[in-house]
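Participant: coords please:
(chains A and B)
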Amino acid sequence: KAGVTQTPRYLIKTRGQQVTLSCSPISGHRSVSWYQQTPGQGLQFLFEYFSETQRNKGNFPGRFSGRQFSNSRSEMNVSTLELGDSALYLCASSLGTITDTQYFGPGTRLTVL
Amino acid sequence: GESVGLHLPTLSVQEGDNSIINCAYSNSASDYFIWYKQESGKGPQFIIDIRSNMDKRQGQRVTVLLNKTVKHLSLQIAATQPGDSAVYFCAEIPRAGGSARQLTFGSGTQLTVLP
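Facilitator: Purely as a prediction, here's the structure:
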């Protein structure tokens, strides 16, 4: 079974721009969660989507948004990029119940200049 | 707020020795704990999990111990191998009905296996 895939793997943007990241979950998984990983803050939860609905949201500004499609693929968008948005963005998929294992993709490395 | 912290940021062990990675959590309502391993350039990889109604769970070469009295979690790796070198994270999920499926991660411990 193929794992979680994320595209692109690397991205360089400048301040003020916006970016869209994509995540394809493991086949059959309906839940997709997004995390931001930085050296200073570690792994922080952004949001979770389940059956095309945002089910849970972390403490990030409204510039961070996401969506999920009917095939469970998910995208996250960051508008008006700031230098502090430079991070590894990880998505994780699972079947969707609270104790189902979350399987992570390799991440998208975003650099904001 | 909720937080999961680690006692040590780095740990070096000799190949073949046992490793113990510790984690302290602050949310007594947490119901589910997971250990992840992250190698350089990769996403976190699930190692083992444990529910709050258990004290110990064993996997292949790994054991997780949960002490709810002192809110402490540990990961034991037997016969540590070079491939075990990575950053290890503990994560928690509060009891169902709380913050749902939001994983709260600790800051991570870098395990280095020496030849």
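
Participant: now the host helix or strand of B:D31: average pLDDT?
Facilitator: Using DSSP states H and E, B:D31 sits in strand B:30-38. Strand B:30-38 carries an average pLDDT of 92.

Participant: list the contacts of it.
Facilitator: Applying CB atoms under 8 Å, 6 or more residues apart in numbering or on different chains, the contact partners of strand B:30-38 are A:98-99, A:101, A:104, B:2, B:21, B:25, B:44-52, B:62, B:64, B:66, B:73, B:75, B:84, B:86-96, B:103, B:105, B:108. All C-beta spots, glycine's among them, are computed from the backbone N, C-alpha and C.

Participant: restricting to C-alpha, output it in CSV.
Facilitator: Below are the C-alpha coordinates for strand B:30-38, written out as CSV (Å, rounded to 0.1, in the frame of the first residue of the first chain):
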residue,chain,number,x,y,z
SER,B,30,-4.5,12.5,28.2
ASP,B,31,-5.8,9.1,27.2
TYR,B,32,-3.5,7.9,24.5
PHE,B,33,0.3,8.2,24.0
ILE,B,34,2.4,7.5,21.0
TRP,B,35,6.1,7.3,20.2
TYR,B,36,7.3,8.4,16.9
LYS,B,37,10.8,8.2,15.3
GLN,B,38,12.0,10.8,12.8
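
Participant: got any ranges where chain A has weak pLDDT?
Facilitator: A:1 (pLDDT under 70).

Participant: mind redoing it with 80?
Facilitator: For chain A, the stretches with pLDDT under 80 are A:1, A:97-99.

Participant: who in it is up against chain B?
Facilitator: A:4, A:31, A:33, A:35, A:42-45, A:48, A:55-56, A:58, A:90, A:92, A:94, A:96, A:98-99, A:101-107 (CB under 8 Å from any CB of the partner chain).

Participant: buried subset of these, written for ChimeraX?
Facilitator: To isolate the buried members of the residues of chain A next to chain B in ChimeraX, using 16 or more other CB atoms under 10 Å in any protein chain shown:
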select /A:4,31,33,35,42,43,44,45,48,55,56,58,90,92,94,96,102,103,104,105,106,107
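
Participant: who touches the residue positioned nearest the centre of chain A in this structure?
Facilitator: Among the residues of chain A, the one closest to the centroid is A:W34, at 3.3 Å (CA atoms, centre = their mean). Shown in contact with A:W34 (CB under 8 Å, 6+ apart): A:C23, A:F45, A:L46, A:F47, A:E48, A:G66, A:S74, A:M76, A:Y89, A:L90, A:C91, A:A92.
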